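1. can you look at this prediction? I've put the sequence above it.
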Amino acid sequence: QVQLVESGGGLVQAGGSLRLSCAASGRTLGNYAMGWFRQVPGKEREFVSTINWSGGSTYYADSVKGRFTISGDIAKNTVYLQMNSLKPEDTAIYYCASGPVRSRFSVYRLETDYASWGQGTQVTVSS
């Protein structure tokens with residue numbers, strides 16, 4: 001089982017930036033996908049971005065494409081989400097998730113693709 005701990009959330013003004021980190025322990029992530037999801041109270045959790053460690057591919061939700069960048073340091077077992085040009089609608093609890101990949105070419109965008117989840121970190125963007 002992989003344990004995940006997110007950090008880096010906070011309060012920022014619209015147009016600002018934040019970098020979220022997700023540190024993983026318990027297993028090396030070479031054959032895993034790491035994803036970021038977010039959830040606003042009263043709404044379903046939505047996909048934000050993912051990286052397939054095995055193949056190196058990344059994928060973004062349309063709502064964040066061009067503003068957010070997912071990256072990672074496999075030696076540190078850590079994945080990052082750089083969030084630029086933040087908007088009030090980006091306000092949410094952001095969750096990190098991990099799951100074993102079945103193909104180095106696949107993109108994993110569903111919650112059911114992921115077996116382990118962090119506790120979440122709050123991101124608030126003021127207008």
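-> In hand now; what should we look at? From a predicted model like this one, the values you see are computed outputs, not experimental measurements.
2. what about the strands in the protein?
-> Counting by DSSP state E, one finds strands in the chain at the ranges 3-7, 10-13, 18-25, 32-39, 46-52, 58-60, 68-73, 78-83, 92-100, 116-117, 121-126.
3. out of those, the one nearest Tyr108 is which?
-> Ranking the strands of the chain by proximity to Tyr108 (Cβ to Cβ) places strand 32-39 first, at 4.3 Å. Heads up, the C-betas are built off the backbone N, CA and C, glycines and all.
4. ok, now which ones touch the residue nearest in space to the middle of the chain?
-> In the chain, the centroid-proximal residue (Cα atoms, centre = their mean) is Trp36; its distance is 2.1 Å. Trp36 makes contacts with 20, 22, 48-50, 70, 79, 81, 94-97, as judged by Cβ atoms under 8 Å, 6 or more residues apart in numbering.
5. closest to Thr112 out of the residues you listed?
-> Ala97 (10.5 Å).
6. who's in contact with the closest residue in space to the closest one that isn't next to it in sequence?
-> Counting by Cβ to Cβ, 6 or more residues apart in numbering, Ala97 lies nearest to Tyr114, which is 3.7 Å off, once chain neighbours are set aside. If you count contacts by Cβ under 8 Å, 6+ apart, Tyr114 has them with 33, 35, 97-99, 108.
7. neighbour-wise, give me the winner out of the residues you listed.
-> With neighbours defined as other Cβ atoms under 10 Å, the most crowded of these is Gly35; it has 29 neighbours.
8. from Val12, how far out is that one?
-> 22 Å (Cβ to Cβ, to the nearest Å).
9. ok, Lys43 next?
-> For Lys43, the distance to Val12 - Cβ to Cβ - is 21 Å.
10. okay, those two: which has more neighbours?
-> Taking other Cβ under 10 Å, Lys43 and Val12 do not tie; Val12 has more neighbours (17 against 9).
11. thank you kindly, that will do.
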